[in-house]
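Trainee: Okay, sequence plus prediction incoming.
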Amino acid sequence: MIRRRDKTGATRRGFIKEMAVGVSAIAAASPVATLGVSSASALQTKGGAAGSTASEAEILNDLKSLKADLQVLKDKNEIRNLLSRYDFRLDLERSEEWYELWDEDAVINSGTPEEQVLVKGKAAIRTYYGELQKEYAPSSQHLQLTELIKVDGDKATALNYQLIFGSKDGVNGIEEMGVRRWTFVKKNGKWLIKSADLANMADKDGCLKLMPANW
């Protein structure tokens, strides 16, 4: 049997093909598609409830929120590394690299209630710690422990215990125990120390003052 060419069918098939090409082009241009999420899976039921779907705007909002959360985690990790560098560089007398960790307008507030030490500016910090290193390094060992960190954009605050071990006349021991509050600022993508406050554990009131409310 000889089949007659169905011009109508051919036209219909051509139309369907053009529609498929058009849908693919739209999907490729979709922000969801650029994230590697197919339109079918991206618009699947949100929360698993039958019959309800998430709009593309909702999905993008969720992704934006997730990106912000990941940035906070990244910032916290960088700040922890900054505090570790503070310890290592100070104790190993890598002075120039240690000074790089501070902001130009940084402030240090430490000491005891009877003898407070306030050092303002990176240049003054360089002079102050330069004298201290002559006395304590390389026998000192700083440890920043049990840190709490809060990040707010390009600013951050941290609270932790600080222990300083030392060796004098062949005897090792703890030289200082305290609570330290830090503030940080991010400049050109790099976290720097903005301030460092220290209260000795013997000064309970001082330690409490360093701890922000609801921490």
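Mentor: Yes, it's here.
Trainee: What ranges in this structure fall below the confidence cut-off?
Mentor: By pLDDT under 70, the weakly predicted segments of the chain are 1-53, 112-113, 135-138.
Trainee: contacting residues for the residue positioned nearest the centre of it?
Mentor: Geometric centre of the chain, nearest residue: Asp75, 1.1 Å, by Cα atoms, centre = their mean. Residues in contact with Asp75 (Cβ atoms under 8 Å, 6 or more residues apart in numbering) are 151, 156, 186, 191. To be clear about C-beta, it is placed using only N, CA and C from the backbone, and glycine gets the same treatment.
Trainee: so can I have TSV of these showing distance to Gln162?
Mentor: Shown next, in TSV, are those (distance: Cβ to Cβ, whole Å):
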residue	distance to Gln162
Val151	21
Ala156	17
Lys186	23
Trp191	18
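Trainee: so which of the residues you listed would you say is closest to Tyr129?
Mentor: For the contacts of Asp75, the minimum distance to Tyr129 (Cβ to Cβ) is 19.5 Å, reached by Trp191.
Trainee: Using PDB, list the CA coordinates for the helix or strand hosting the closest one.
Mentor: Here Trp191 sits within strand 190-200, counting by DSSP states H and E. This file holds the C-alpha atoms of strand 190-200, laid out as PDB (Å, rounded to 0.1, in the frame of the first residue of the first chain):
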ATOM      1  CA  LYS A 190      41.100  40.000  54.400                       C
ATOM      2  CA  TRP A 191      40.200  39.900  58.100                       C
ATOM      3  CA  LEU A 192      42.300  42.100  60.400                       C
ATOM      4  CA  ILE A 193      42.300  42.500  64.200                       C
ATOM      5  CA  LYS A 194      40.600  45.800  65.100                       C
ATOM      6  CA  SER A 195      40.700  45.500  68.900                       C
ATOM      7  CA  ALA A 196      41.800  43.000  71.600                       C
ATOM      8  CA  ASP A 197      40.600  43.300  75.200                       C
ATOM      9  CA  LEU A 198      41.800  41.000  77.900                       C
ATOM     10  CA  ALA A 199      40.600  40.400  81.500                       C
ATOM     11  CA  ASN A 200      42.400  38.100  83.900                       C
END
